[in-house]
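Visitor: Take this sequence and fold it.
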Amino acid sequence: MLNRIVIVGRTTREPELRYTQSGTAVVNFTVACDRTFSNQNGEKETDFIDCVAWRSKLKTSQNTLVKAK
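Guide: Below is the predicted model:
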């Protein structure tokens, strides 16, 4: 069984496409997610989540992920 999550945020850079030695496509990207609550100083914090997409999910992520300008 696989776990699924939904991450809502901003990409920090363009997705990086590479291939394994066996020819499988892999894309790496990082998503910046703002927390919904403030810390003790009243500032909102941001989490940076490293993501990896393989095979069939790669085509979806390649077409939809772009770094905002």
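Visitor: Residue 12 - how many residues pack around it?
Guide: When counting by other CB atoms under 10 Å, one arrives at 15 neighbours for residue 12. Quick note: C-beta positions are derived from backbone N, CA and C, even for glycine.
Visitor: wait, doesn't it sit right on residue 32?
Guide: Yes: here residue 12 reaches residue 32: they are 5.4 Å apart, a contact under CB atoms under 8 Å.
Visitor: if I look at those two, which residues touch both of them?
Guide: Overlap between the contact sets of residue 12 and residue 32, as judged by CB atoms under 8 Å, 6 or more residues apart in numbering, is given by residue 48.
Visitor: what's in contact with stretch 22-29?
Guide: So stretch 22-29 is contacted by 11-20, 50-55, 58, 61-62, 65 (CB under 8 Å, 6+ apart).
Visitor: List the buried residues of it.
Guide: For stretch 22-29, the neighbour count (16 or more other CB atoms under 10 Å) marks 27, 29 as buried.
Visitor: For residue 31, what is the enclosing helix or strand?
Guide: With elements delineated by DSSP states H and E, residue 31 resides in strand 25-38, which encompasses its position.
Visitor: May I see the buried residues of the next helix or strand after that strand?
Guide: In the C-terminal direction, the helix or strand that comes right after strand 25-38 (DSSP H and E) is strand 44-54. If you call a residue buried by 16+ other CB under 10 Å, then strand 44-54 has these buried ones: 51, 53.
Visitor: Pull the residues that contact strand 44-54.
Guide: Residues contacting strand 44-54 (CB under 8 Å, 6+ apart): 7, 9, 12, 24-35, 37-39, 60-61.
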